[in-house]
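Peer 1: kindly return the folded structure for what I paste below:
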Amino acid sequence: MAKPSIGVRRLTPVERRWLRALFRAPPSPRVHERALTIKLASQGRRPSEIVGAVGRSRTSIWRWMKEFNARGIASLFMGTSPGAPPKANEEVRAALAQALGANPQKLGYPFTRWTAALLAEHIRRRLHVELSTDTIYRTLHRMGYRYLRPKLDLKHKQDPQEVRRAKRQKALAQKKSMPAPVNILWRFSTRQTFT
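Peer 2: Prediction:
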């Protein structure tokens, strides 16, 4: 069953001036598409002709005309989309902060350091919220954390005297020794002598 044809109501003089101004200097390509749709519809063009001229689906054309009939010129300007609500809400941030303040082994995990993937798994188990590692990185950054790999060293297990001795030996080994003197045993010449 075909959808009924929707037309555009009669334009007011102010709306006609607005449409002319939008064609002279369109603020965006989308506004231009919508304005073209309304202009063609007000001239009595069929929806199939408008679809061919604008390059959008018939459903979009009908929706734009219906919005114009209800709201006028304001319907040509799109607002900003708020997007999906963030998954990392206050509850997730609180759980992350609590997890980062605790040793993972004390929370029942077999590892000693957190990674983004392990934090995402912890949040999934605790709050039943699926988060990507990128979301974990961004959330930690917003919370003021810096995610760095730990630098492992064994300074706490080293003997200070042995460290000093090893440094002295290394310095001695790296010193350049004086070159040995060169002894010249004989000289010979490649010049020919004529006698």
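
Peer 1: now the residue most central in space within the chain: how far from Ala102?
Peer 2: Nearest residue to the geometric centre of the chain (C-alpha atoms, centre = their mean): Asp134, 8.5 Å. Plainly put, Asp134 is 24 Å away from Ala102 if you go by C-beta to C-beta, to the nearest Å. Where you see a C-beta, it was placed from the backbone N, CA and C, and this is true even at glycine.

Peer 1: about what we covered before: roughly how far does the residue nearest to the centre of the chain sit from Lys87?
Peer 2: Asp134 is 11 Å from Lys87, by C-beta to C-beta.

Peer 1: ditto for Gly144
Peer 2: Taken as C-beta to C-beta, the span from Gly144 to Lys87 is 19 Å.

Peer 1: and Leu96, which helix or strand is it part of?
Peer 2: Using DSSP states H and E, Leu96 maps to helix 90-100.

Peer 1: buried set for the helix or strand that that helix is followed by?
Peer 2: Toward the C-terminal end, the helix or strand that comes next after helix 90-100 (DSSP H and E) is helix 116-127. For helix 116-127, the buried set under the neighbour-count rule, 16 or more other C-beta atoms under 10 Å, comprises Ala116, Leu118, Leu119, Ala120, His122, Ile123.

Peer 1: and of those, the nearest to Gln174?
Peer 2: Ranked by distance to Gln174 (C-beta to C-beta), the buried residues of helix 116-127 are led by Ala116 at 41.3 Å.

Peer 1: next, count neighbours for the nearest residue to Glu15 once chain neighbours are set aside.
Peer 2: Excluding its sequence neighbours, the residue lying closest to Glu15 (C-beta to C-beta, 6 or more residues apart in numbering) is Ile73, at 5.7 Å. If you count neighbours by other C-beta atoms under 10 Å, Ile73 ends up with 19.

Peer 1: ok now do Ile73, which residues does it touch?
Peer 2: Neighbouring residues of Ile73 by C-beta atoms under 8 Å, 6 or more residues apart in numbering: Val14, Glu15, Trp18, Leu19.

Peer 1: check Thr80 and give its pLDDT.
Peer 2: At Thr80, the predicted lDDT confidence score is 69.

Peer 1: ah, wrong one, I meant Leu172
Peer 2: pLDDT, Leu172: 84.

Peer 1: then the one 5 residues further on?
Peer 2: Ser177 is assigned a pLDDT of 70 by the prediction.

Peer 1: now name the helix or strand holding it.
Peer 2: Counting by DSSP H and E, Ser177 is found in no helix or strand.
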